[in-house]
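Q: Just to be clear, the model below is a prediction. Sequence and coordinates:
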Amino acid sequence: MRVAMVSEHASPLAALGGVDAGGQNVHVAHLAAALAARGHEVDVYTRRDAEDLPRTVPVGPGVQVVHVDAGPALPLPKDALLPHMEVFGRELAAALLERPADLLHAHFWMSGVAAREAAGSVGLPLVQTFHALGSVKRRWQGEEDTSPPSRVVVETELAAAVDAVLATCSDEVRELAALGAPAERVHVVPCGVDLDLFSPDGPHGGPPRQQEHRVVAVGRLVERKGVEDAVRALALAPGGPLARTELLVAGGPPPGHLRIDAEAQRLRAVAEEVGVADRVHLLGRVDHADLPALLRSADAVVAPPWYEPFGIVPLEAMACGVPVVGTAVGGLLDTVEDGVSGALVPPRDPVALAAALGRLLDDPDRRSAWGRAGRRRAQEGYGWGSVAARTEDVYAGVLARTRLEAL
Ligand code: UDP
């Protein structure tokens, strides 16, 4: 098959950890490579956000990134891209006439808008992965949600119109059902993890340890990732192991720009307020290739989002054999087995987070048992090869159905 993937804001070529560059970039890059390894060709269409980008960039055998001219060739926040999706769709349709594909696979709702336009005009089936849903974001962020107001309506229409929706976890299946997505068109295919890069074997990284225990958090520096709760948790059990714990936070702008980052300033202010500033270290963006060593250096990885469409970081920690203390939301409900490979606590509850972290840090046997169980679970269900195989099954089903319908 030749698959035209559409990822309007999240290029596989982008540096990770910035406000709009995270799991979707990782997902698209690895899924494309793993599909190519299974003999398919994948073209990833993404918006040109710099003048000097070539039209096409080969990124590995069978995979190329195609830069689409839609809107100014500048980095724009993803929530400002909707007005450019019509042009993106037209450009995509023109590109597909020159270089035909068997199907379109859109990532994120705005790619779905552009891909639906192109799919209609060139007559191709369309598979949609939302990665995040506006209805969930609105529930948690309320007025602070900067998504275009039409998002929920557009997502509802897309979910009903596309040939298949790939939900990344069972929680998303429930959310999609609430939007009225036809159940027979919704398939769960999780995000994956690079099991060679993220493995228990290898050096321990990060700055030298200054405390008895180290807990690591990784993610885009945005409030809903819940790092504030981890900072507050550090202060909550003065007599326990958490009082002898450092928290390393990877993500956000490059280290040199952390000073002017609003979320970094906010987290520092919270750390000062609760008296743990000397034990909280904001590292800024860490190269993806350096993350495994940082994760391995931790006694536990903390992932306390308010909500989380999937959450690749907990899976990366598990693949490294490091136990996870996370919140019982979204994809973590599927990936982290509570009491087996990690502990799940309610979101936005620093007290519960502190209790779970404290128990784990106090118990080295539990830490290694949970770490081993996490690695096993990552290997069994979340390698990109198996994610690509499951995606390919959905593609094949969609192609068979559309061919039948065309008879
Ligand atoms: N990441 C990274 N460096 C950083 C911060 C994050 O490489 O400094 C990567 C991280 O390893 C993971 C992805 O960005 O692969 C974040 O994905 P996740 O699903 O956890 O969160 P999202 O960003 O999609 O909300």
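A: Ah, there it is.
Q: And the helix or strand containing Val154, what's buried?
A: Assignment of secondary structure by DSSP states H and E places Val154 within helix 151-161. Buried residues in helix 151-161, counted by 16 or more other Cβ atoms under 10 Å: 151-152, 154-159. For the C-beta atoms, the positions are set from N, CA and C on the backbone; glycine is no exception.
Q: now, which of the residues you listed sits nearest Gly22?
A: In terms of Cβ to Cβ, no member of these lies closer to Gly22 than Arg151, at 18.3 Å.
Q: follow-up on the earlier one: Provide the contact partners of the very next helix or strand once past the helix holding Val154 at residue level.
A: Note on helix 151-161: by DSSP H and E, the next helix or strand toward the C-terminus is strand 164-167. Here strand 164-167 makes contact (Cβ atoms under 8 Å, 6 or more residues apart in numbering) with 127-130, 159, 173, 176, 181, 185-189, 391, 394, 397-398.
Q: Direction included, what does strand 164-167 pair up with?
A: When pairing is defined by DSSP bridges, strand 164-167 lines up against strand 126-129 (parallel), strand 186-188 (parallel).
Q: same for the next helix or strand after it, what does it pack against?
A: Reading on from strand 164-167 to the C-terminus, the next helix or strand found by DSSP H and E is helix 170-178. In terms of contacts (3 or more Cβ pairs under 8 Å, 6 or more residues apart in numbering; DSSP states H and E), helix 170-178 is packed against helix 134-141, strand 164-167, strand 186-188, helix 332-335.
Q: Check which element follows the shortest one along the chain.
A: Scanning forward in sequence from strand 186-188 by DSSP H and E, the next helix or strand is strand 213-218.
Q: is that next one anywhere near the ligand?
A: Yes. Using Cβ under 6 Å from any ligand atom, a contact is recorded between strand 213-218 and the ligand, made by Val218.
Q: Tell me, how many residues neighbour the closest residue to the ligand within the chain?
A: Closest approach between the chain and the ligand, counting by Cβ to the nearest ligand atom: Gly22, at 1.8 Å. Gly22: 22 surrounding residues under other Cβ atoms under 10 Å.
Q: Give the burial count for the closest residue to it other than its chain neighbours, as a bare number.
A: Spatial nearest neighbour of Gly22, excluding adjacent residues (Cβ to Cβ, 6 or more residues apart in numbering): Arg220 at 4.8 Å. Neighbour count for Arg220, taken as other Cβ under 10 Å: 19.
Q: With Arg268 instead?
A: Residues lying near Arg268 (other Cβ under 10 Å) number 17.
Q: quick one: it and Leu282 touch, right?
A: Yes. Applying Cβ atoms under 8 Å, one finds Arg268 in contact with Leu282, separated by 7.1 Å.
Q: about what we covered before: out of the strands paired with strand 164-167, which one sits most buried?
A: When the strands paired with strand 164-167 are scored by mean count of other Cβ atoms under 10 Å, the highest mean neighbour count falls to strand 126-129 (a mean of 27).
Q: quick one on the thing from earlier: quick one: pLDDT of the residue nearest to Gly22?
A: At Arg220, the model reports a pLDDT of 92.
Q: Contact partners for the closest residue to Asp349 other than its chain neighbours?
A: If the residues on either side of it in the chain are set aside, Asp349 comes closest to Asp229, at 7.1 Å by Cβ to Cβ, 6+ apart. Taking Cβ under 8 Å, 6+ apart as the contact definition, Asp229 lies against 304, 348-350, 353.
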